[in-house]
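[1] Turn this into a model:
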Amino acid sequence: MGRVTDFAWKNRGLLPVLLCVLMGVTGCGTKVVSFKTTYATGECQEMWMALEKIIHNNKVADNTAVRVQGYPYLRSSRYLQALAERVESREEEFFVLEEMRLLDLEKRALELSRIPEAALENSLGKWPGLNHPSLPQKIASCSQNFLSDDRQSEEFFGHVKNGIDLDRDYSLWLRSVGLYPITSLVVEYVAENAREEMVAQLSTPMSGEELLTFRPAPTATTSHRNLKEIVRNSRKNSLLSLNLHDVDLQSLAQEFAPLLTIVKGADQDRFGKIINNNGRFAVDGSEPVVYYYFSQTFVQGIPAPQINYVVWFSERTDPAPWFERGRIDGLTFRVTLNWAGQPVFVDVIQNCGCYHFVMTNNEYVAGQQDPVAGFKPFVNGEFSQFSGNKRLQLKINSGRHQLGHVSAALPGKSQPSYRLLPYTNLEYFGEEGQVTSFFDQQGLVAGTERFERFFLFPMGIPKVGAMRQRGRQPITLVGRAYFDDPHLFDNVFSYRSPLPALKVLLPPKTGKQDKITGGGDKD
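    This next block holds a predicted model:
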């Protein structure tokens with residue numbers, strides 16, 4: 001007994017961590033990221049750290065992207081992390097660093113908007129002339145100065161790459177406490193049965209229930225759309241990364257928006273707009289809304305656009321297993337295009353990251369590699385071709401809100417419509433003069449915890465089953481994989497078509513013939 005007591009005392013520092021683990025709380029170790037060095041512009045550095053502290057003290061940090069350790073004016077996504085590994089010149093290096101800097105400015109603006117103006121003004125009191133209206137300009141100027149100073153060091157870019165830590169949604173502690181090597185065998189067996197059930201469901205048309213189909217609300221669009229040119233003209237430089245804010249590229253959200261078919265009548269099956277109901281978020285099924293956002297991945301080693309469509313329901317109910325039921329439920333449908341603007345993958349997750357599966361365009365995708373490198377997703381054949389006026393039709397079953405059937409169909413003029421809204425409306429939720437977020441600091445929707453977290457915690461996902469924000473969605477219980485992994489498809493699939501010449505991929509009149517990395521890098 002004395003040895004046990006002695007061990008417990010020597011390792012008493014682990015107790016808070018262990019409590020974090022057992023409670024299933026993500027982000028217990030969240031802390032302010034400090035600067036690696038001291039800058040000549042000391043006032044900028046001092047102000048920056050003051051802002052970092054007030055962001056964390058007010059619990060408004062946005063963690064869809066991570067702050068780079070040692071460089072809190074830079075943030076990275078998994079895509080930018082992968083892009084950094086492809087850099088072959090100082091020009092490309094600067095491009096990636098500038099993207100990380102701009103990403104931080106974008107997220108920082110969201111964070112600061114959620115802090116009451118009086119509290120923010122109070123924290124800025126020691127800097128005369130610096131007030132709320134002038135803050136964005138000052139932040140942008142300081143950010144540029146930091147990057148300009150740091151780029152003088154030849155080791156800087158290497159430090160940045162080493163300071164990116166995106167492996168945060170699986171907990172080694174949870175897996176250790178839960179005897180993962182043993183319990184994962186049981187979970188994998190159960191998961192395989194669930195996948196087989198999904199296959200049977202997707203291959204059987206929904207019947208026996210009255211269905212209601214929604215189409216995207218019509219908008220003014222151009223008379224003809226050359227998808228290849230839209231994607232091509234959105235590219236920025238020799239790394240072929242895309243400008244996701246390009247107006248033409250953004251218009252593709254309407255181009256590929258699906259028809260959504262639900263069971264008529266049940267309130268819990270009506271997808272809708274997120275509202276703040278007396279301080280508690282809820283889903284208003286009387287206002288059909290689909291949220292969308294763009295992301296990037298690699299297809300044949302080339303940056304490719306993805307359009308993500310997110311729907312929310314008020315709750316998950318029967319026939320879902322009792323341990324999966326709870327308030328607020330949702331699905332994400334994602335369409336991935338290739339370099340020619342052609343849909344090549346459609347994949348789906350519940351918004352907890354659960355039940356991920358992929359469908360392919362078999363005219364372009366040859367099949368799965370053998371052997372597959374890394375995570376092997378669940379693949380359910382080919383999606384129905386949707387082109388011209390035909391749209392992808394997704395039928396969502398009742399209660400559990402899994403995909404019941406996938407087909408292609410023409411929208412009907414008498415069908416009710418839904419509105420497309422930017423996903424940022426969920427992260428920048430303004431109402432009655434107050435700005436907040438649908439998601440908390442850990443990227444979770446508060447109050448959506450499921451009972452399954454108590455017996456699935458050995459898989460390492462804290463609060464497994466809870467609804468999650470983009471960038472925070474692990475998609476497998478056994479092993480590790482993320483919905484936003486840019487190598488997800490290239491690590492698994494092979495393709496029928498060779499890549500075109502570089503001049504076909506780059507925008508016209510760039511005059512650039514820089515070397516690019518192709519062929520799908522592996523992690």
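
[2] Please save the CA atoms from stretch 413-428 in PDB.
    Taking Å, rounded to 0.1, in the frame of the first residue of the first chain, the C-alpha atoms of stretch 413-428 are listed here in PDB:
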ATOM      1  CA  LYS A 413     -41.000  24.000 -59.500                       C
ATOM      2  CA  SER A 414     -43.600  23.200 -56.900                       C
ATOM      3  CA  GLN A 415     -41.100  22.000 -54.300                       C
ATOM      4  CA  PRO A 416     -40.500  24.100 -51.300                       C
ATOM      5  CA  SER A 417     -37.000  25.800 -51.200                       C
ATOM      6  CA  TYR A 418     -34.300  26.200 -48.700                       C
ATOM      7  CA  ARG A 419     -31.800  29.100 -48.300                       C
ATOM      8  CA  LEU A 420     -28.100  28.800 -48.500                       C
ATOM      9  CA  LEU A 421     -26.300  30.700 -45.800                       C
ATOM     10  CA  PRO A 422     -22.500  31.000 -45.100                       C
ATOM     11  CA  TYR A 423     -21.200  28.700 -42.300                       C
ATOM     12  CA  THR A 424     -19.600  31.800 -40.800                       C
ATOM     13  CA  ASN A 425     -23.100  32.800 -39.700                       C
ATOM     14  CA  LEU A 426     -22.700  30.000 -37.100                       C
ATOM     15  CA  GLU A 427     -19.300  31.200 -35.900                       C
ATOM     16  CA  TYR A 428     -20.200  34.900 -35.900                       C
END
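
[3] which sections of the stretch 1-150 of the chain are below the confidence cut-off?
    The stretch 1-150 of the chain contains residues with pLDDT under 70 at 1-31, 128-132.

[4] can you give me the helices in it?
    Assigned by DSSP state H, counting those that start in this stretch, the stretch 1-150 of the chain shows helices spanning 2-10, 14-23, 42-57, 78-84, 90-113, 117-123, 135-150.

[5] With distance to L506 and mean neighbour count as extra columns, can I get these in CSV?
    C-beta coordinates here come from the backbone N, C-alpha and C atoms, glycine included. Shown next, in CSV, are those (distance: least, Cβ to Cβ, whole Å; neighbours: other Cβ atoms under 10 Å):
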stretch, distance to L506, mean neighbour count
helix 2-10, 60, 9
helix 14-23, 48, 13
helix 42-57, 36, 17
helix 78-84, 16, 22
helix 90-113, 14, 18
helix 117-123, 43, 13
helix 135-150, 26, 16
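
[6] Can I get these in a markdown table including distance to I230?
    Output for the helices of the stretch 1-150 of the chain, formatted as a markdown table (distance: least, Cβ to Cβ, whole Å):
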| stretch | distance to I230 |
| --- | --- |
| helix 2-10 | 62 |
| helix 14-23 | 46 |
| helix 42-57 | 36 |
| helix 78-84 | 19 |
| helix 90-113 | 21 |
| helix 117-123 | 40 |
| helix 135-150 | 29 |
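
[7] And those helices: which comes nearest R316?
    Nearest to R316 among the helices of the stretch 1-150 of the chain is helix 14-23; the distance by Cβ to Cβ comes to 22.6 Å.

[8] And R195, how close does it get to R270?
    28 Å (Cβ to Cβ, to the nearest Å).

[9] between the two, which one's more packed in?
    R270 (20 against 14; other Cβ atoms under 10 Å).

[10] what's the nearest residue to that one if we skip its chain neighbours?
    Closest residue to R270 apart from its sequence neighbours, by Cβ to Cβ, 6 or more residues apart in numbering: G285 at 3.1 Å.

[11] swap in A140?
    L105 (6.2 Å).

[12] elements contacting the host helix or strand of G381?
    For G381, the element it lies in under DSSP states H and E is strand 379-382. Applying 3 or more Cβ pairs under 8 Å, 6 or more residues apart in numbering; DSSP states H and E, we find strand 379-382 packed against helix 180-202, strand 357-360.

[13] Which among these is found nearest to Q137?
    Comparing the helices and strands packed on strand 379-382 by their distance to Q137 (Cβ to Cβ), the top pick is strand 357-360, with 44.2 Å.

[14] which helices and strands does the helix or strand just after that closest one pack with?
    Of the helices and strands lying after strand 357-360 in sequence (DSSP H and E), the nearest is strand 365-368. Contacts defined by 3+ Cβ pairs under 8 Å, 6+ apart place strand 365-368 against strand 493-495.

[15] Give me the distance between N122 and K59.
    17 Å.

[16] I misspoke; the intended subject was P474.
    22 Å.
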